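# fold the following and give me the result.
(chains A, B, C and D)
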2 protein chains.
Amino acid sequence: MKDFLTEIELAGLISRLKRLSDELLYSTRDYYKTVGLDIEPNWHLVFLLLEKTNALTISEISQELRMSHPACIKIIKKMKKHDYLISKTDKNDSRKRILELSDKAKKRLPSFHRHWEAGIQTTQELLQNSPHIFEDLKAFEKEVSEVSYKERTLKNLRKE
Amino acid sequence: MKDFLTEIELAGLISRLKRLSDELLYSTRDYYKTVGLDIEPNWHLVFLLLEKTNALTISEISQELRMSHPACIKIIKKMKKHDYLISKTDKNDSRKRILELSDKAKKRLPSFHRHWEAGIQTTQELLQNSPHIFEDLKAFEKEVSEVSYKERTLKNLRKE
DNA sequence: TATATTTGTGTAACCAGTTACATATAAATA
DNA sequence: TATTTATATGTAACTGGTTACACAAATATA
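Below you'll find the model as predicted:
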């Protein structure tokens, strides 16, 4: 099957990464809708994080997930609106909002986990013929974190 | 360096893919801004496609890039606003908009190509320790295209 | 103690994609 | 030929991320 992004090789790789990750995101959302879960894909990690650590501030979540704090605020706002999170103000530092799982969240998490387990199996299936993806992705992430795409490209431009 | 998404292994892989592709996207935008190019990352593929084929309709672009047509319409609208594209209505089929590169685009493309070449070198650098990424990504894409994430996960849920 | 700096949260405006719906034209069919 | 179906484009409303800016509270420093 012809695919322009694959044809152009190196020039298309980053776009293919985006296309694939988008497709997986929308398919996950579709899945939740079909099985009747009123949660969104990007809530998953916040649930897992709070299950592990009980209480976190917005900044802490932002750091753990390596995501900007406005992105976290948006996610958390929705999760609160759906009564999955409770937020208190820290007694010692009134700037901080301490976030915890609500009773509703705790009650529903076992069900969510069954769906997430099925999703993990799916990921495993999808990667059956991609045996090096974990190492290769890790090396890729490492390179990007050491010197950004922008900095590298500025340097490469000057070399020409 | 600790990373929650890496720690949770299979459960975090898809999110890592998104995080990486987002980071590359924003860094590319930052690059364009820094070097003073008034183009956006997702215009790249449309430029390449039209350089190759001269004239295409919106549906054709949508099919070539495997992207929804509303997404293409948005990109093309902006490119037209910046005078990089000209659109005519097809004489034999008044529904179709035929898109071509403008003179401004043709004049600037050599410059754009120097930046894109530098970007390709960057991609190569970033992948220096990810020797299997092309095959593994291709296999991943193939699996997803054959049976979607959603379908697979529904099946896996029933199995449990 | 008064001032300057850092930190935590929040908002606004933007880019980037999707699905769902609408509409006009072309093509197929009764 | 009249009607149905398919195709091409367009819009609206949504999710999901970013950077840039604002402001209050905490901390460091003069």
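# my guess is A:Leu99 is in a strand, correct?
Yes: following the definition DSSP: H, G, I helix; E, B strand; the rest coil, A:Leu99 is counted among the residues of a strand.
# look at it and report its pLDDT.
According to the prediction, A:Leu99 has pLDDT 97.
# contact residues of chain A facing DNA strand C?
If contacts are counted using Cβ under 7 Å from any atom of the strand, the residues of chain A sitting beside DNA strand C are A:18, A:22, A:26, A:30, A:57-60, A:69-70, A:73, A:77, A:93, A:95-97. In this view, the C-beta of every residue, glycine as well, is placed from N, C-alpha and C.
# those residues: which ones sit near DNA strand D?
Here is what survives when the residues of chain A next to DNA strand C are matched to DNA strand D using Cβ under 7 Å from any atom of the strand: A:70, A:93, A:95.
# which ones among those are found in helices?
If you go by DSSP state H, these have A:Pro70 in helices.
# can I get the ones next to DNA strand D among the residues of chain A next to DNA strand C in TSV with neighbour count?
Listed next are these as TSV, based on neighbours: other Cβ atoms under 10 Å in any protein chain shown:
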residue	neighbour count
A:Pro70	10
A:Asp93	9
A:Arg95	8
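# closest one to B:Arg158 out of the ones next to DNA strand D among the residues of chain A next to DNA strand C, please.
If you rank these by distance to B:Arg158 using Cβ to Cβ, A:Pro70 comes first, at 38.7 Å.
# mind checking how far the closest one is from B:Arg16?
20 Å (Cβ to Cβ, to the nearest Å).
# could you do A:Asn156 as well?
The spacing between A:Asn156 and B:Arg16, counted by Cβ to Cβ, is 25 Å.
# same check on A:Phe4?
Distance from A:Phe4 to B:Arg16, by Cβ to Cβ: 26 Å.
# next: A:Arg114.
The separation that A:Arg114 has from B:Arg16, given Cβ to Cβ, amounts to 23 Å.
# next one: A:Leu65
In terms of Cβ to Cβ, A:Leu65 sits 11 Å off from B:Arg16.
# which neighbours do these two share?
Overlap of the contact sets of A:Leu65 and B:Arg16 (by Cβ atoms under 8 Å, 6 or more residues apart in numbering or on different chains) consists of B:Leu5.
# identify the residues contacting the residue nearest to A:Gly12 when sequence neighbours are not counted.
If the residues on either side of it in the chain are set aside, A:Gly12 comes closest to A:Leu5, at 3.7 Å by Cβ to Cβ, 6 or more residues apart in numbering or on different chains. Contact partners of A:Leu5, counting by Cβ under 8 Å, 6+ apart, are A:12, A:15-16, A:19, B:45, B:65-66.
# state the mean pLDDT of the helix or strand where A:Leu5 lies.
Remark: A:Leu5 resides in helix A:4-7, with elements defined by DSSP states H and E. Along helix A:4-7, the predicted local confidence has a mean pLDDT of 95.
# number of residues surrounding the closest residue to A:Lys88 other than its chain neighbours?
Take A:Lys88 and drop its neighbours on the chain: the residue closest to it by Cβ to Cβ, 6+ apart is A:Ile98, 4.8 Å away. Using other Cβ atoms under 10 Å in any protein chain shown, A:Ile98 is surrounded by 17 other residues.
# shaky segments in chain A?
Under the criterion pLDDT under 70, no range of chain A is flagged.
# going along the chain, name the helices of it.
A:4-7, A:13-35, A:44-53, A:58-65, A:69-81, A:103-126, A:133-146, A:149-159.
# nearest to B:Leu85, out of those helices?
If you check each of the helices of chain A against B:Leu85 by Cβ to Cβ, helix A:4-7 wins as the nearest, at 17.6 Å.
# pretty sure A:Ile8 is in contact with B:Leu48, am I right?
Yes: with the criterion set as Cβ atoms under 8 Å, A:Ile8 and B:Leu48 qualify as a contacting pair; they are 6.5 Å apart.
# between these two, point out the one with more neighbours.
Just comparing A:Ile8 and B:Leu48: by other Cβ under 10 Å the higher neighbour count belongs to B:Leu48, 21 against 18.
# so how far is DNA strand D from the more buried one?
Per Cβ to the nearest atom of the strand, to the nearest Å, B:Leu48 is found 19 Å from DNA strand D.
# what residues does chain A put near DNA strand D?
Counting by Cβ under 7 Å from any atom of the strand, the residues of chain A close to DNA strand D are A:25, A:29, A:40-42, A:67-68, A:70-71, A:74-75, A:78, A:92-95.
# those residues: which ones sit near chain B?
Among those, the ones lying close to chain B by the criterion of Cβ under 8 Å from any Cβ of the partner chain are A:25, A:67.
# before we move on, back to that, can I get the contacts of A:Leu5 in TSV with neighbour count and distance to A:Arg152?
Listed next are the contacts of A:Leu5 as TSV, based on neighbours: other Cβ atoms under 10 Å in any protein chain shown; distance: Cβ to Cβ, whole Å:
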residue	neighbour count	distance to A:Arg152
A:Gly12	20	18
A:Ser15	22	18
A:Arg16	20	19
A:Arg19	19	22
B:Leu45	20	21
B:Leu65	21	25
B:Arg66	15	28
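# much appreciated, bye for now.
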